[in-house]
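A.B. asks: show me how the following folds:
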Amino acid sequence: MAVLNDEQVMLRDMAREWADNEQPVTAFRKLRAAAPAEGYDREAWATIGQMGWAGIVVPEEHGGSAFGYLSLGLVVEQLGRNLVATPLASVGPAATAIAMGADDAVKAEWLPRIAGGEVVATLAIDEGPHHDPGNVRTHVEGGRLTGVKAFVAEGDSAALFVVAARDGLYLVADDGSGTVTRAPRVMADHRSHAEVRFEDAPATRLGGPELTAAVVDRATAVICAEMLGMAEQAFGVTNDYLKTRVQFGQKLSTFQALQHRMAKQLTELELMRSTVEAALEAIDAGRSDVDQAVSLAKAGAGETLKLVSREMVQLHGGVGMTDEYDAGFYMKRSAVLEAMWGNAAFHRERFARLNGY
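C.D. replies: Numbering: from 1, shown residues only. Just a heads-up that it's a prediction; the model follows:
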């Protein structure tokens, strides 16, 4: 496990307390029923902005706290426990793309607004149903960007897009001129996803393909942190249920077969935490093996959350299959996050390739 400093401990505990008190899973259930166009609670997002979480990876000179990716991961993990729907996991990496770019005017214009939660920024990278960094047809001519991005997280409400093109990463602001259009995607997790079409949209270049790869790695690591929070909570809820549910005159937790299944999950969870925190620490340290650490984390996170979320449904028996219970929410969100930024098979192959195999 990562060794946290006092500020990180305080940040983690604050995020956990806020999520438990203000955004339990029942809040997500109400959000699903209300189905706001943006896919999240605007008031909750405004509160997150006021608490400074939107600026955790934004440099201090632009209104952020520059706490780093481990700190951002700690917050996202706690929100993930309760399935809190916010754009935070998209906003952080998008802000990093701007901060790592070469345009100082762009940084001064957008980073303070992102850090305060005023503007939602997101990444628009993939153009097909699967994560494939090599399949990019979006192009830029004369400072105008044209292309279509599929399944853009927070694409319904984002005002600012960090877009991957053939020659690198560009920043596009939706100014309402019609050069940016969106088509909502209905997903199993009831979160915001959209197909975003750019037609001769004014674009500012942030950097080359190496910046695209670096930003995608950061987005992947943050998603791993959310998956970790979900897996920890799903395991804890299932464990509590087994300790109270009586069947055949005995508590389910006394059955050895179920103990073995829970022990396997706990082992996988410990390994998952180790790799996820290692990836976030590698980003903050600026290590040369960030890509390997991220692939190792995402491969393990996808398989572990898939295991734990499905065991949550199965070990709750009939009630786990009903919409009245929360287990289905974790399983559906798990399926979406497993595919986002590459599934376990993609990252195992990438890890092997990075190591010369």
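A.B. asks: residues in contact with Asp167?
C.D. replies: Residues in contact with Asp167 (Cβ atoms under 8 Å, 6 or more residues apart in numbering) are His139, Val140, Gly208, Pro209. The C-beta positions use only the backbone N, C-alpha and C, and glycine is treated the same way.
A.B. asks: so which of those residues comes closest to Val148?
C.D. replies: Using Cβ to Cβ, the shortest approach to Val148 within the contacts of Asp167 belongs to His139, at 11.6 Å.
A.B. asks: span of stretch 169-178 from start to end?
C.D. replies: End-to-end span of stretch 169-178 (Cα to Cα, to the nearest Å): 21 Å.
A.B. asks: need the max-distance pair from the contacts of Asp167.
C.D. replies: Farthest apart among the contacts of Asp167 by Cβ to Cβ are His139 and Gly208. That separation is 14.4 Å.
A.B. asks: who are the contact partners of Ala159?
C.D. replies: Counted by Cβ under 8 Å, 6+ apart, Ala159 has contacts Val119, Val120, Ala121, Ala173, Asp174.
A.B. asks: equivalent analysis for Gly147, please.
C.D. replies: Gly147 makes contact with Glu127, Val136, Arg137, Thr138, His139, Val163, Ala165, Arg197, Phe198 under the criterion Cβ under 8 Å, 6+ apart.
A.B. asks: what's across from it in the sheet?
C.D. replies: Gly147 forms beta bridges with Phe198, as assigned by DSSP bridges.
A.B. asks: tell me the bridge partners for His193.
C.D. replies: Per DSSP bridges, the residues bridged to His193 are Ala153.
A.B. asks: so it is in contact with Ala158, correct?
C.D. replies: No: with contact defined as Cβ atoms under 8 Å, His193 does not reach Ala158; the gap is 11.4 Å.
A.B. asks: shared neighbours, those two?
C.D. replies: When Cβ under 8 Å, 6+ apart defines a contact, the residues bordering His193 and Ala158 alike are Val152.
A.B. asks: more neighbours: which of the two?
C.D. replies: Neighbours per residue (other Cβ atoms under 10 Å) separate His193 from Ala158, with Ala158 holding more: 29 against 20.
A.B. asks: just say helix, strand or coil for Ala183.
C.D. replies: Using DSSP: H, G, I helix; E, B strand; the rest coil, the secondary structure recorded for Ala183 is strand.
A.B. asks: repeat for Ala95
C.D. replies: Once three-state DSSP is applied, Ala95 turns out helix.
A.B. asks: what's downstream of the host helix or strand of Val91, the next helix or strand?
C.D. replies: Element membership for Val91 (DSSP states H and E) is helix 88-100. Downstream of helix 88-100, the next assigned helix or strand under DSSP H and E is helix 104-115.
A.B. asks: tilt between that following helix and helix 88-100?
C.D. replies: For helix 104-115 against helix 88-100, the angle by axes from the mean of the first three to the mean of the last three Cα atoms, to 10 degrees is 160 degrees.
A.B. asks: now the helix or strand just after helix 104-115, how far from the centre of its chain.
C.D. replies: Sequence-wise, the next helix or strand downstream of helix 104-115 (DSSP H and E) is strand 121-124. Its chain's C-alpha centre and that of strand 121-124 lie 12 Å apart, by Cα atoms, centre = their mean, to the nearest Å.
A.B. asks: now stretch 75-87
C.D. replies: Relative to its chain's centre, stretch 75-87 lies at 9 Å (Cα atoms, centre = their mean).
A.B. asks: look up phi and psi at Gln314.
C.D. replies: phi -70, psi -40 (degrees, to the nearest 10).
A.B. asks: may I ask which two of the contacts of Ala159 are separated the most?
C.D. replies: Spanning the widest gap among those are Val120 and Ala173, at 11.6 Å by Cβ to Cβ.
A.B. asks: between the two, which is the more surrounded one?
C.D. replies: Shown here are Val120 and Ala173; by other Cβ under 10 Å, Val120 has more neighbours (25 against 20).
A.B. asks: check contacts around the more buried one.
C.D. replies: With contact taken as Cβ under 8 Å, 6+ apart, Val120 is in contact with Trp45, Pro87, Ser90, Val91, Glu154, Ser157, Ala158, Ala159, Leu160.
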